[in-house]
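J.: model this:
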Amino acid sequence: MRLTAVLKRCIRKVCLNQLFLQLIFILSACSQTGCGMSGQRDLGAFEKYVTQFEEASVKNHRPIQVIALIIRMGSLPKQTLALCTIGAGAPLITVNQERWSSLSESQKSIVLNHEFGHCVLNKKHNDASDPSGVRKIKSIMNAHPLLATDYSVHAESYLAELFSQNSDI
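T.: Numbers count the residues shown, from 1 in each chain. Next up, the predicted model:
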């Protein structure tokens with residue numbers, strides 16, 4: 001009788017150890033690749049902007065490969081050029097389908113780099129002004145769109161700030 005009880009405890013312990021190992025494997029796989037839809041990359045016509053973002057990340061010594069991101073055209077309020085939504089699954093950037101075609105290439109880069117800041121880099125808005133006055137708006141993460149001319153003149157500076165660990169540059 002005692003042998004049976006010991007055997008049952010050993011079997012239970014082995015089963016719990018196997019269950020524990022399986023749980024660790026699942027959690028490890030989720031942390032490396034993401035669970036569910038989080039590993040989905042669906043960029044459509046916006047692929048070139050993500051490629052430029054990835055190249056800029058390397059140039060700014062913070063290499064990033066965008067694995068989980070969806071970008072789609074959609075209906076947004078007129079004043080909203082694009083919107084990042086983070087929730088279950090891959091982050092989603094919705095681009096204002098009524099306004100996109102009227103934007104210059106610089107404006108499109110500004111808008112998408114700002115949204116990549118939210119969706120890929122988990123950055124919040126930074127509405128601080130540039131104390132030096134060199135740039136009209138200090139941060140690419142400013143809640144209000146940048147002037148295309150300001151961005152084109154200071155693009156490298158804005159991208160360096162975007163990829164810095166401290167967004168209060």
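
J.: Could you use CA atoms for every contact and neighbour count after this?
T.: Noted.

J.: where along this structure do the helices fall?
T.: 2-33, 47-59, 105-119, 148-163 (DSSP state H).

J.: Next, the residue most central in space within the chain: phi, psi?
T.: By Cα atoms, centre = their mean, the chain has its centre lying nearest to residue 120, at 1.2 Å. Dihedral pair for residue 120: phi -100, psi -40, per degrees, to the nearest 10.

J.: Can you tell me the closest non-neighbouring residue to it?
T.: Nearest non-adjacent residue to residue 120, counting by Cα to Cα, 6 or more residues apart in numbering: residue 66, 7.2 Å away.

J.: Count the neighbours of that neighbour for me.
T.: Burial of residue 66 is recorded as 16 neighbouring residues (other Cα atoms under 10 Å).

J.: Then residue 100?
T.: 16.

J.: how close does it sit to residue 39?
T.: Distance from residue 100 to residue 39, counting by Cα to Cα, to the nearest Å: 26 Å.

J.: returning to what we had before: got the confidence number for the residue nearest to residue 120?
T.: We note a pLDDT of 96 for residue 66 in this prediction.

J.: was I right about residue 111 contacting residue 84?
T.: No - counting by Cα atoms under 8 Å, residue 111 sits too far from residue 84 to count as a contact (10.7 Å).

J.: which regions of the chain sit below the pLDDT cut-off?
T.: Scanning the chain for pLDDT under 70 picks out 1-38, 130-131, 133-137, 166-169.

J.: So what are the structural domains in it, by residue number?
T.: What the record gives for the chain is the domain set 1-33, 41-163, from automatic domain parsing.

J.: Return the most buried member of those domains.
T.: domain 41-163 (a mean of 17; mean count of other Cα atoms under 10 Å).

J.: so residue 96 touches residue 79, yeah?
T.: No - contact criterion Cα under 8 Å: residue 96 and residue 79 do not qualify, at 9.2 Å.

J.: residues contacting residue 57?
T.: 63, 64, 163 (Cα atoms under 8 Å, 6 or more residues apart in numbering).

J.: if we go to 10 Å?
T.: For residue 57, the contacting residues are 51, 63, 64, 65, 159, 160, 162, 163, 164, by Cα atoms under 10 Å, 6 or more residues apart in numbering.

J.: now the residue nearest to residue 120: how far from residue 123?
T.: 15 Å.
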